[in-house]
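Here is a sequence together with a model predicted from it:
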Amino acid sequence: MKTTTFLTFVGAQCGKAEEAINFYTSIFPNSEIKSIIKYSAGEAGGTPELIKHGVFILNGVEYMVSENNYDHAWSFTPGVSLFVSCNAEDEIQTLFEELSSNGGQVMVPLDNYHGEGDYGFGKKFGWCEDKYGISWQLNLSA
């Protein structure tokens, strides 16, 4: 059995999936786009410039992606986020800055906890949403 995170770009995010996976694979090491299948002309759910199904890898972990132009009543939410365990200070700092910039937002500033404990995760933690609406929790492992 295998589980894989599947990201569906709909609503305001529809049409941004390919840009997003190009961005993600450019900032995470050991990453690549494995496949992209686009909709055929006239196919329900999309147009030829939209991704019907795609697979990409971020630091060795596989993700799936799709987008469609149906009028869904949902989109991405911070209630589900991608948790990234970083091994170095410069790694967490760079990723946090890249992910939260250019239209993203910081939900929990990247911090050393100011003596309030470590939330049980590690030495440094931050939570942000990128410009595509995906939420990321970044943690510097102990």
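That came in fine, so what should we check first? Numbers count the residues shown, from 1 in each chain.

now the helices for this structure?
17-27, 89-100 (DSSP state H).

Domain map for this protein?
Here the domain assignment for the chain is 5-67, 81-140, based on automatic domain parsing.

Would you mind saying which of those domains lies nearest Ser75?
Closest approach to Ser75 among the domains of the chain is made by domain 5-67 (4.9 Å; Cβ to Cβ). Every residue, glycine included, has its C-beta placed from N, CA and C.

now do the same end-to-end measure for that closest one.
This stretch, domain 5-67, spans 14 Å end to end (Cα to Cα, to the nearest Å).

Now that domain: average pLDDT?
Mean pLDDT, domain 5-67: 97.

Need the residues that contact stretch 47-60.
Stretch 47-60 has contacts (Cβ atoms under 8 Å, 6 or more residues apart in numbering) with 9, 14-15, 17-18, 21, 24-25, 28-41, 43, 45-46, 62-69.

Ser101: neighbour count?
Ser101 sits with 13 neighbouring residues when counted by other Cβ atoms under 10 Å.
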